[in-house]
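Chemist: output the structure for:
(3 chains)
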Amino acid sequence: MKHISIAYLLILFLVGAITFRLSAAPGNDECLNCHEALDGKVQTPAIAFKNDVHHAAGITCAGCHGGNSSVSDMEEGMDKKKGYTGIPSTKERYVLCVKCHAEKKAMQSFGYRGSTEQFEKLKSSVHFKNSYNDQGPIADCITCHGAHGILGAKNPQSRVHPTKIVQLCGNCHSDPSYMQKYNPGLPVDQVMKYRTSIHGVKNAKGDTRTAQCVSCHGNHEIYSVKDPRSAVYNLNIAKTCSHCHSDTVLMAQYNIPANQYKKYQKSVHGIALLEKGDAAAPSCNGCHGNHAAILPGAESVSKVCGTCHAFNMELFEQGPHKTAFNIKKIPECESCHGNHGIEPVTDEFLGTSSRSFCISCHQAGDNGYKTAAEMKQLLDTLTASKKNADQYLDIAERLGMDVTDEKYALKNMKQLLIKVRTSVHVASLGKFKEEIAPGFEIVKDAETHGRKSIENYYFRRKGLMVSTVIVSILVGLLYLKLKRIEKEDRA
Amino acid sequence: MQKEQPKKQEPVTGKPKSSLMQWLDERYNLSALREFAKKKSVPKFRETIWYYFGGIALLLFVVQVITGILLLMYYKGTEDIAYESVRFIDAKVNFGWLIRSVHSWSANLMILSIVIHMFSVYFLKAFRKPRELTWYTGIALLLISMAFGFSGYLLPWNELAYFATKVGTDIVGQVPFVGKFMLTLMRGGEDVTGATLSRFFGFHVALFPGIFVIFLTLHLLFIQRQGISEPDDWAQKEEKEKKTIPFFPNFVLRELLIWLIVINILAILAVYFPWELGNKADSFAPAPQGIKPEWYFLFMFQVLKYIPGKIWMINGEIIGILFFGLAGLLWIIVPFWDVKLKPGYRNRVITYTGLGILAFIIVFTIIAFIAG
Amino acid sequence: MNDEIKTGKSRREFLNDVIVGGVSAWLLAILYPVISYLDPPKSKQVKVSQVNIGKSSDFEINSGKIIRFGEKPVLVIKKSNGEYAAFLAECTHLNCTVQFRKDLGQIYCACHNGKYDLNGKVASGPPPAPLTKYDVAIKGEEVIVFKGEG
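Modeler: Numbering: from 1, shown residues only, chains lettered A, B, ... in the order given. Predicted coordinates for the structure are as follows:
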């Protein structure tokens, strides 16, 4: 009898265990069973949850809300003493997600082998700062992924699917009254601009390969543009764009080249930004814009360059090239300097040599050709005589003469040469001569001073020689005198 | 000064008096002065050469006064423009480079000749009775010269000088009891700052010259009064055996010859080895490589480096300072502990001690130079 | 005999004369540098702690000029309200020399279109930091630029 009762208990236990295990399987969630059948507010989550990835993985309502999903009795299932928590507070609801999603083992037990770092990333992002009403983070897991009816990111119906995500981010970021509570300086027109860009247009048509918000900003690890960790920080943005734009296979699908980043890296701008760390140097977005990324057209390219190279643009517009280029419809700056791979400018670009920009339009004999040749010759003369003056000053300095003032004057030459070289853009010989004239004077002065210092150095030695000769003769004479006196003394 | 010497000699050598000399003679009785000078003589023996070094030091002091006054016309002793004003003298003022270089070189040669003068007096035992006071005033003149050198070194306000002054005053600060006070007194505060520069400038151009001239006057007066010291083995010589040369004009002419050569050496040094200015002092900059004091402090500087940080509970540096202080004191009071032996016997203790000290100074100075 | 003495005497006189000549030449060699040293050089004496840039009335309102301050160029501006401002005229971007632009009422760097306001703060363009400030004082009529503490 006793054995039987033990066996009975054992069976009961086994059955209980199996039932409990089964309660994790869909269909046996008693909470869902009831709530599905209810109406209104209490029904919506239940219906949504039926499509949820978590539901498919066998997680019941109790998995987040606590209580017991396996009993049909409402009182018992939703007993607060047994751990039922009801609707989690917005302040701490993310904890429920993190409980599993930050734990590799827990995720593996559901057959998931992907990243578990989402929370770590989110924690440091701008979104996880405390909200103004102290209602928890500004944005947590649920803000973007939703609560019930969470779908895999690759599911086209998911809120975070590439075709949906723009709308999702825009929920907050396009709402001026909401955004100004956090960052009044931040624009709210990103989505609008984005939709005008080629990225946005294609995205709207359902192309999942073009860039959308998270392609550039990241998803969980979103930082301020001014944060060096951000993928859109000025020093990082070229690399970020290159993820797609250097992908030859992907770019081939759109029939566009994939060498811009490579060219850019070696350009003046790329070197300034990536090697010298000059955060002010333009990256991709400096010319193409960011959300409304476009290709600057032939007419506007000089305006784009002119935002920084204002003086060059101003001068260019004063000169004869402006009209000529407009008539011929040639892009202004770009036709000489190129675009992504802009080379550091050298004086060789002026004049009539094979590297010159001028000879691509001008031919031997025409006025422009002559002007170019003359400008080049003047510039060459100045740089050569500057070198010459430098040498004189160096020699003088090596000889121990002080030429600080002249070196200071030559330092100003750097500024002057920038001005002279810039004045080439006006393409007027008169203006060019006007700019270059003071340079010749400075160089001449420096050279004269250098020469004089060197002469002075030798003058010192000559003077010393003269005085040594005088002293030697005097010493000799005095010696003679002394001998004579001594002779007289003896006598 | 250079002006006067050659003129003075003329009435003596040129027997026919010029009318100017006659004019002066009538009024100031120059012939009496000449007679007096004629009586003076300098002993002539193996070591006569050393008798010239006092005169060389005197010449160099005069050069210092003249070039110093000239430098004062352009130098500005304040922190923010001291360096620039020296650079200005070097670069812009006509012959400014020459005046500054001569001042610097002459300072060093002056200390060198004083040191040689001192050692020659020591080895010739010229400090003995009755010339003790001449010895003490001479020592005072050396010490003031070193103080001149130390204070003048800082005036261009360049990097090396700044740090050398820092280290030098630090060492003074280690002196027991009075060190701390002396340090603040010298620096004009806790640190080497513009206040230190102002003080050093004041010491260099006002205080030290005044004291120096007082001691120099006494030193020369003593010599004048007692005559020039004779070698100690002359005491038992007969008057006939003592070879002398007349002080005037013979010795003076020789001295003059040497002075001419020394001045020319100064010019050569100034032209071929102009005194460098270096970089402006910056108290926030790290100490540059190879800070060292002027060469005459080098041996002490080097020895202090070898003394361990702690010797029985006592700071090693203090021991070093006490050692040098004591040694210096013993050296100064040599007329007291010197035992005069019977005539004809040489006091070898004095000679060997002197040689030992000389060797010590030379060896450590050389080591310091090699160590850089 | 007499002749010999005579020649000896004249020889001695000759020697004396030559010595006097030699000493005079030597004195000239010494006095020349000393006297030319006393002649003050034409260029102005150094004064780096402050630079006097002339009369206030000579300085046009709403204009700027570049002066040399030691080894550095300094831009001095007389604002439209008559107040002065001075800055190190080196752009904080790539060290080009900046200028005051009357038309903009701003400090402008022609190299990359950097602009600073009249407090030296970056108004637009690539400069990463504001311009270094110098101080200006008016002593009577004279305008003096100096480097303030800190």
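Chemist: residues touching A:Lys303, list them.
Modeler: A:296, A:313 (C-beta atoms under 8 Å, 6 or more residues apart in numbering or on different chains). C-betas here are computed from N, CA, C, even on glycine.
Chemist: got the CA positions of the one helix or strand it maps to in PDB?
Modeler: Taking DSSP states H and E as the definition, A:Lys303 sits inside helix A:301-306. Provided in PDB are the C-alpha atoms of helix A:301-306 (Å, rounded to 0.1, in the frame of the first residue of the first chain):
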ATOM      1  CA  VAL A 301      30.100  72.900 -56.900                       C
ATOM      2  CA  SER A 302      32.000  76.200 -56.500                       C
ATOM      3  CA  LYS A 303      29.500  77.400 -53.900                       C
ATOM      4  CA  VAL A 304      30.100  74.200 -51.900                       C
ATOM      5  CA  CYS A 305      33.900  74.600 -52.100                       C
ATOM      6  CA  GLY A 306      33.400  78.300 -51.400                       C
END
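Chemist: report the buried residues of it.
Modeler: A:301-302, A:304-306 (16 or more other C-beta atoms under 10 Å in any protein chain shown).
Chemist: now do the same for B:Gln5: its pLDDT.
Modeler: B:Gln5 carries a pLDDT value of 41.
Chemist: can you report how many residues neighbour C:Lys42?
Modeler: 6 (other C-beta atoms under 10 Å in any protein chain shown).
Chemist: can you check A:Lys226 too?
Modeler: By other C-beta under 10 Å, neighbour count at A:Lys226 equals 10.
Chemist: so who does it touch?
Modeler: By C-beta under 8 Å, 6+ apart, the neighbours of A:Lys226 are A:Tyr233.
Chemist: does it count as helix, strand or coil?
Modeler: coil (DSSP: H, G, I helix; E, B strand; the rest coil).
Chemist: hmm, back to that, can I get the buried residues of helix A:301-306 in CSV including distance to chain B?
Modeler: Below are the buried residues of helix A:301-306 laid out as CSV (distance: C-beta to the nearest C-beta, whole Å):
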residue, distance to chain B
A:Val301, 48
A:Ser302, 47
A:Val304, 44
A:Cys305, 42
A:Gly306, 42
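Chemist: ranges for the strands of chain C?
Modeler: Using DSSP state E, the strands of chain C run over residues C:50-55, C:63-69, C:72-78, C:84-88, C:99-101, C:106-109, C:114-116, C:122-124, C:133-139, C:142-146.
Chemist: burial check on C:Ile53, number of neighbours?
Modeler: Neighbour count for C:Ile53, taken as other C-beta under 10 Å: 20.
Chemist: okay, the strands of chain C in JSON lines with distance to B:Trp157 and mean pLDDT next?
Modeler: Formatted as JSON lines, the strands of chain C follow (distance: least, C-beta to C-beta, whole Å; pLDDT from 0 to 100):
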{"stretch": "strand C:50-55", "distance to B:Trp157": "18", "mean pLDDT": "80"}
{"stretch": "strand C:63-69", "distance to B:Trp157": "19", "mean pLDDT": "86"}
{"stretch": "strand C:72-78", "distance to B:Trp157": "19", "mean pLDDT": "89"}
{"stretch": "strand C:84-88", "distance to B:Trp157": "23", "mean pLDDT": "91"}
{"stretch": "strand C:99-101", "distance to B:Trp157": "34", "mean pLDDT": "90"}
{"stretch": "strand C:106-109", "distance to B:Trp157": "34", "mean pLDDT": "90"}
{"stretch": "strand C:114-116", "distance to B:Trp157": "34", "mean pLDDT": "91"}
{"stretch": "strand C:122-124", "distance to B:Trp157": "36", "mean pLDDT": "89"}
{"stretch": "strand C:133-139", "distance to B:Trp157": "22", "mean pLDDT": "88"}
{"stretch": "strand C:142-146", "distance to B:Trp157": "19", "mean pLDDT": "86"}
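Chemist: ok, which of these comes nearest chain B?
Modeler: Ranking these by proximity to chain B (C-beta to the nearest C-beta) places strand C:50-55 first, at 9.1 Å.
Chemist: residues touching the closest one, excluding its own?
Modeler: C:59, C:65, C:67-69, C:74, C:76, C:141-147.
Chemist: strand partners (parallel or antiparallel) of that strand?
Modeler: Strand C:50-55 pairs in its sheet with strand C:142-146 (antiparallel), by DSSP bridges.
Chemist: element containing B:Ala195, please.
Modeler: helix B:194-202.
Chemist: any buried residues in that helix, and which?
Modeler: B:194, B:196-197, B:199-201.
Chemist: let me know the closest of these to chain C.
Modeler: The closest of the buried residues of helix B:194-202, once distances to chain C are taken by C-beta to the nearest C-beta, is B:Gly194, at 11.0 Å.
Chemist: mind checking how far the closest one is from B:Ile114?
Modeler: 31 Å (C-beta to C-beta, to the nearest Å).
Chemist: now do B:Lys92
Modeler: Counting by C-beta to C-beta, the gap from B:Lys92 to B:Ile114 is 33 Å.
Chemist: still on that earlier bit, what would the contacts of strand C:50-55 look like in a markdown table with neighbour count?
Modeler: Converted to a markdown table, the contacts of strand C:50-55 look like this (neighbours: other C-beta atoms under 10 Å in any protein chain shown):
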| residue | neighbour count |
| --- | --- |
| C:Phe59 | 17 |
| C:Lys65 | 16 |
| C:Ile67 | 18 |
| C:Arg68 | 15 |
| C:Phe69 | 22 |
| C:Val74 | 22 |
| C:Val76 | 23 |
| C:Glu141 | 10 |
| C:Glu142 | 12 |
| C:Val143 | 23 |
| C:Ile144 | 16 |
| C:Val145 | 19 |
| C:Phe146 | 17 |
| C:Lys147 | 20 |
